[in-house]
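A.B. asks: I'd like to go over a predicted model; first the sequence, then the structure.
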Amino acid sequence: QVQLVESGGGLVQTGSSLRLSCVASGRTFSSYYMGWFRQAPGKRREFVATISWSDGKPYYADSVKGRFTISKESANNTAYLQMDRLKPEDTAVYYCAAGGPPISIVEGYDYWGQGTQVTVSS
């Protein structure tokens, strides 16, 4: 089992930045991906970004490419999502997930955190 705990959400203005953290505990998962998904009210959960735990290669959804950066700190079993130039359409609950491949769909991940709210005001 893997437990994931997210933190770092909040209420910010358009153009601001936030950094989300996801701490993993439990079994090790050197072959996994650590990903971020988000779900806005009334919408399906969607892929945001993911990173290979073995080689650190990142992957991004087109909607966040160039604004968001995913990274990891293996020693602390922590993944980060740096979100810059935030827009109101980025408002959602952000979930950390471990699993994959496949890496860009909900069904590809085995473990999920509880989520952290990100609200971007206009």
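C.D. replies: That came through, no problem.

A.B. asks: Every contact and neighbour count from this point should use C-alpha atoms.
C.D. replies: Fine.

A.B. asks: how about low-confidence regions in the protein?
C.D. replies: By pLDDT under 70, the low-scoring segments of the chain are 28-29.

A.B. asks: And the strands in it?
C.D. replies: For the chain, the strands defined by DSSP state E cover 2-7, 10-13, 18-26, 33-39, 46-52, 58-60, 68-73, 78-83, 92-99, 109-112, 116-121.

A.B. asks: mind listing what's buried in the shortest one?
C.D. replies: Within strand 58-60, the residues that qualify as buried by neighbour count (16 or more other CA atoms under 10 Å) are 58-60.

A.B. asks: so what's the residue positioned nearest the centre of the chain closest to, chain neighbours aside?
C.D. replies: The residue lying closest to the centre of the chain (CA atoms, centre = their mean) is Trp36, at 2.2 Å. Closest residue to Trp36 apart from its sequence neighbours, by CA to CA, 6 or more residues apart in numbering: Cys96 at 4.7 Å.

A.B. asks: In contact with that neighbour: list those residues for me.
C.D. replies: By CA atoms under 8 Å, 6 or more residues apart in numbering, the contact list for Cys96 reads 4-6, 22, 34-37, 112-115.

A.B. asks: For PyMOL, write the select line for the buried members of those.
C.D. replies: To isolate in PyMOL the members of the contacts of Cys96 that are buried, counting by 16+ other CA under 10 Å, one can use:
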select buried, resi 4+5+6+22+34+35+36+37+112+113+115
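
A.B. asks: For the contacts of Cys96, give me JSON lines that also has distance to Val48.
C.D. replies: Below are the contacts of Cys96 laid out as JSON lines (distance: CA to CA, whole Å):
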{"residue": "Leu4", "distance to Val48": "17"}
{"residue": "Val5", "distance to Val48": "17"}
{"residue": "Glu6", "distance to Val48": "15"}
{"residue": "Cys22", "distance to Val48": "14"}
{"residue": "Met34", "distance to Val48": "11"}
{"residue": "Gly35", "distance to Val48": "8"}
{"residue": "Trp36", "distance to Val48": "5"}
{"residue": "Phe37", "distance to Val48": "5"}
{"residue": "Trp112", "distance to Val48": "14"}
{"residue": "Gly113", "distance to Val48": "15"}
{"residue": "Gln114", "distance to Val48": "16"}
{"residue": "Gly115", "distance to Val48": "13"}
